[in-house]
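In: Turn this into a model:
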Amino acid sequence: MLYLNVRDRQPLYEQLYENIKEDIVSGRLQKNTVLKSLRVMGKELNVSRNTVDRAYQQLIGEGYIYSVQGAGYFVEDIGNDCFCDPYPYKRTTEVLDLAKKLKPRYDFEYTSIDASLFPWPRWKRATQNALLTESNYSVLAYESNKGNLKLRKSLCGYLYRHRGVQCKPEQIIVTSGTQFAMGIVADLFPPRQNSVAYEEPGYDAMRHLLIAKGYEISPIPVLENGVDINALNKTDCTLLYITPSHQFPTGIVTSINTRYKLLKWAYENNNFIIENDYDSEFRYGLMPIPSMQSLSWNQNIIYIGTLSKIMSPSIRCAYLVLPEKLADAYDEKYKYFNSALPSYHQMAIAEFIDEGLLEKHLRKISKINEKKYFVLTETIKEFLADEVEFFQSPAGVHTLVRIKRCKDQDKLIQDMRAASVGIYGIKEHFYDQKNAREDIFLMGFNSMTEKDIREGCSRIAGVLNKMN
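Out: Numbering: from 1, shown residues only. Below is the predicted model of the structure:
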């Protein structure tokens, strides 16, 4: 809606001109949109026809609108499909604000996947089969509060084959994401009687979830072989949250020696370890280390996993494997709970697993990701050898780099965004951000093509070359 301020010292025609110009540049008025006639516009704004005419003539002169005799005035095609900056003096703040909102062309983001690799036709057939099966039921009922039994049986086999996880279908709870799984775990322990030891740095979303649930958090430093056992032993925490297969965000794989020490800590203190088996599927040149759940002799491991990184985040399938001694607590706490995923969806996933399609797809994307990882490492050496220190990562779909001359992480991220490159700092994943370094960044490669990885690194080099 146009508004003119009669008390403003700026002439009314200039106010009208600037309002219309801003609407055109911003895209609110799109090309070929017809403007109101001089008479109608003047009447609505309570100004003279000459005032409107002067504004329109200025817009015509600058190429924002055009006139057609007998038809009226129309918005010109100014080529503003991309961002256009009509006010250079505002560029510093506005461009950066916009850059934060737009997805970069070369985005080293670490949670997305390459959708083109997923076997969508076979997935479509599995969902159609599941819908057909469900349509033949004489009675439709709510799904079990632990999820579809067929899927839970399928997951038992899959987890044993790939991660050595030993469990029964009754121990598995199917959820719509790892954060929902973590929410269930948090509700099983009274926060006033329990506190959580948490990796430092560690995945900030899970930490915020626990804090919102009322838990006290004790940050435990992540060392070369995993979390600091000595620091853990100095706490009175009853729960430990870790990502031992590919620690987020450092990429460290917890050593077998450290794993056994953590299991001993849980056993001797009757505590529980929450194992988020993050990125366990992707290993480069090495055999996978067994899950901690498979090493536990006293059922003190709460295991969380997801299919999002293998199949698709949109499928929203994660799972929770509870120790048998927590099963009763779950049954009591969640006896009125209904499974969050549609039944046909769960049956389709079960078919996908039982027919070997999930493991076939996993082998395929593991090879592709290993090649992308190699391309990333080699391209960094080629374009950024003098500027970037690369931290070798034997697993996962992201790695850490140190940009040697970076003193201000937030500013460099903004500069990269202005060049349509997305890199991500690790400061937000520290409980105490005073301990976070400004020069360490996350770079994912899972959703990028090899060509985009190379071109993205080339653009990073271009930005760094302009640094003082």
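
In: From now on I want contacts and neighbour counts done on CA atoms only, so please keep to that.
Out: Fine.

In: And the next helix or strand past the helix ranked longest in the chain?
Out: Determined from DSSP state H, the single longest helix within the chain is helix 357-384. With elements assigned by DSSP states H and E, the helix or strand that comes after helix 357-384 is strand 388-390.

In: can you list the residues that contact that following strand?
Out: Here strand 388-390 makes contact (Cα atoms under 8 Å, 6 or more residues apart in numbering) with 377, 380, 400-404.

In: could I have the helix or strand just after that strand exported to CSV, CA atoms only?
Out: Following strand 388-390 in sequence order, the next helix or strand is strand 398-403 (DSSP H and E). In CSV, the C-alpha atoms belonging to strand 398-403 read as follows (Å, rounded to 0.1, in the frame of the first residue of the first chain):
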residue,chain,number,x,y,z
HIS,A,398,31.9,-33.6,6.6
THR,A,399,35.4,-32.7,7.6
LEU,A,400,37.0,-29.8,9.5
VAL,A,401,39.4,-27.3,8.0
ARG,A,402,41.5,-24.5,9.6
ILE,A,403,41.6,-21.3,7.6
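
In: list the helices and strands strand 398-403 packs on?
Out: On a contact count with 3 or more Cα pairs under 8 Å, 6 or more residues apart in numbering; DSSP states H and E, strand 398-403 meets strand 388-390, strand 440-444.

In: which stretch in those strands is the model least sure about?
Out: Among the helices and strands packed on strand 398-403, strand 388-390 carries the lowest mean pLDDT, a mean of 88.

In: Quickly run through the sheet partners of it, with directions.
Out: Paired neighbours of strand 388-390 in the sheet (DSSP bridges): strand 398-403 (antiparallel).

In: What's the first helix or strand after the partner strand?
Out: Downstream of strand 398-403, the next assigned helix or strand under DSSP H and E is helix 409-418.

In: Distance from that next one to the middle of the chain?
Out: On the basis of Cα atoms, centre = their mean, to the nearest Å, helix 409-418 sits 19 Å off its chain's mean C-alpha point.

In: and if you look at stretch 48-61?
Out: Stretch 48-61 sits 49 Å away from the centroid of its parent chain (Cα atoms, centre = their mean).

In: what sits against the nearest residue in space to S48 that is not next to it in sequence?
Out: Distances taken as Cα to Cα, 6 or more residues apart in numbering put G42 closest to S48, at 5.5 Å, once the chain neighbours are dropped. Residues near G42 by Cα under 8 Å, 6+ apart: 48-49, 51-52.

In: Per-residue pLDDT of G42, please?
Out: pLDDT for G42: 87.

In: State the distance from it to N5.
Out: Distance, G42 to N5, by Cα to Cα, to the nearest Å: 14 Å.

In: Repeat that for D415.
Out: 38 Å.

In: So between the two, which is more surrounded?
Out: Taking other Cα atoms under 10 Å, D415 and N5 do not tie; D415 has more neighbours (19 against 11).

In: Just to check, that one is in contact with V463?
Out: Yes - using Cα atoms under 8 Å, D415 is in contact with V463, at 7.2 Å.

In: Identify the contacts common to these two.
Out: Joint contacts of D415 and V463 (Cα under 8 Å, 6+ apart) do not exist.

In: hmm, who's touching stretch 349-366?
Out: The contact list for stretch 349-366, computed with Cα under 8 Å, 6+ apart, reads 117-119, 123, 126, 150-151, 154-155, 158, 281-283, 310-311.

In: Narrow those to those in helices?
Out: Among the contacts of stretch 349-366, DSSP H puts 123, 126, 150-151, 154-155, 158 in helices.

In: of those residues, buried ones?
Out: Buried by 16 or more other Cα atoms under 10 Å: 123, 126, 150-151, 154-155, 158, out of the ones in helices among the contacts of stretch 349-366.

In: JSON lines please, covering those residues and showing pLDDT and distance to V196.
Out: Below are these laid out as JSON lines (pLDDT from 0 to 100; distance: Cα to Cα, whole Å):
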{"residue": "W123", "pLDDT": "93", "distance to V196": "39"}
{"residue": "A126", "pLDDT": "94", "distance to V196": "40"}
{"residue": "K150", "pLDDT": "95", "distance to V196": "34"}
{"residue": "L151", "pLDDT": "97", "distance to V196": "31"}
{"residue": "S154", "pLDDT": "97", "distance to V196": "32"}
{"residue": "L155", "pLDDT": "97", "distance to V196": "28"}
{"residue": "Y158", "pLDDT": "95", "distance to V196": "30"}
